[in-house]
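J.: Structure of the sequence below:
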Amino acid sequence: TGEAHNAVRQLDPGQKNITSSTGSTEHALAMGTNGLLGPFSWIGLCGPKMLSAKGRCFTFDYGADGFGRGEGTSGILMQVTHEEPTERLAIFCGTNINQDG
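T.: Just a heads-up that it's a prediction; the model follows:
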């Protein structure tokens, strides 16, 4: 992740450059997360009755009464390839989703 971070920002003076000896990188990892860490987002959504009183979304159903908040994390590993045609922008090799109830 350090190499990807260095690829998008200027290094601070005195900070060690952690890119490879060639000055380029072949891989980059980008990740993001959504955490529900405090009560204020819940309070702000409860006032206008945006959250479901049933605790479920019921998406596209007549009984829908709001949405359910959830935490999540996602990540993508990007790799430079020299064998693929230049017209191709991206290849998704695999995806995964999990829900614990």
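J.: and the nearest residue in space to residue 34 that is not next to it in sequence, how far is that from residue 88?
T.: Leaving aside its chain neighbours, residue 34 sits nearest to residue 72 (5.1 Å; criterion: C-beta to C-beta, 6 or more residues apart in numbering). For every residue, glycine as well, the C-beta is placed using N, CA and C. As judged by C-beta to C-beta, to the nearest Å, residue 72 and residue 88 stand 28 Å apart.
J.: Which one's more surrounded, the two?
T.: residue 72 (11 against 8; other C-beta atoms under 10 Å).
J.: Wait, that one touches residue 33, no?
T.: Yes: when contacts are counted by C-beta atoms under 8 Å, residue 72 is listed as touching residue 33 (7.0 Å).
J.: the helices in this protein, which residues?
T.: Taking DSSP state H as the test, the helices found in the chain are 2-7, 40-46.
J.: how many neighbours does residue 45 have?
T.: Residue 45, neighbours per other C-beta under 10 Å, totals 14.
J.: and what of residue 66?
T.: Residues lying near residue 66 (other C-beta under 10 Å) number 18.
J.: cool, the one 5 residues further on as well?
T.: The local packing count at residue 71 equals 9, with neighbours defined by other C-beta under 10 Å.
J.: Next up, the contacts around it.
T.: 33-36 (C-beta atoms under 8 Å, 6 or more residues apart in numbering).
J.: What is the nearest of these to residue 66?
T.: Of all the contacts of residue 71, residue 66 sits closest to residue 36, with 15.6 Å by C-beta to C-beta.
J.: So what's the residue count around the closest one?
T.: Residue 36: 10 surrounding residues under other C-beta under 10 Å.
J.: Give me the distance between it and residue 68.
T.: Computed as C-beta to C-beta, the residue 36 to residue 68 distance reads 11 Å.
J.: Over to residue 92?
T.: From residue 92 to residue 68 the distance is 27 Å (C-beta to C-beta).
J.: Those two - which one has more neighbours?
T.: residue 68 (12 against 6).
J.: Need the contacts of residue 71 in JSON lines (columns: pLDDT and distance to residue 47).
T.: Converted to JSON lines, those look like this (pLDDT from 0 to 100; distance: C-beta to C-beta, whole Å):
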{"residue": "33", "pLDDT": "86", "distance to residue 47": "26"}
{"residue": "34", "pLDDT": "84", "distance to residue 47": "21"}
{"residue": "35", "pLDDT": "84", "distance to residue 47": "22"}
{"residue": "36", "pLDDT": "83", "distance to residue 47": "17"}
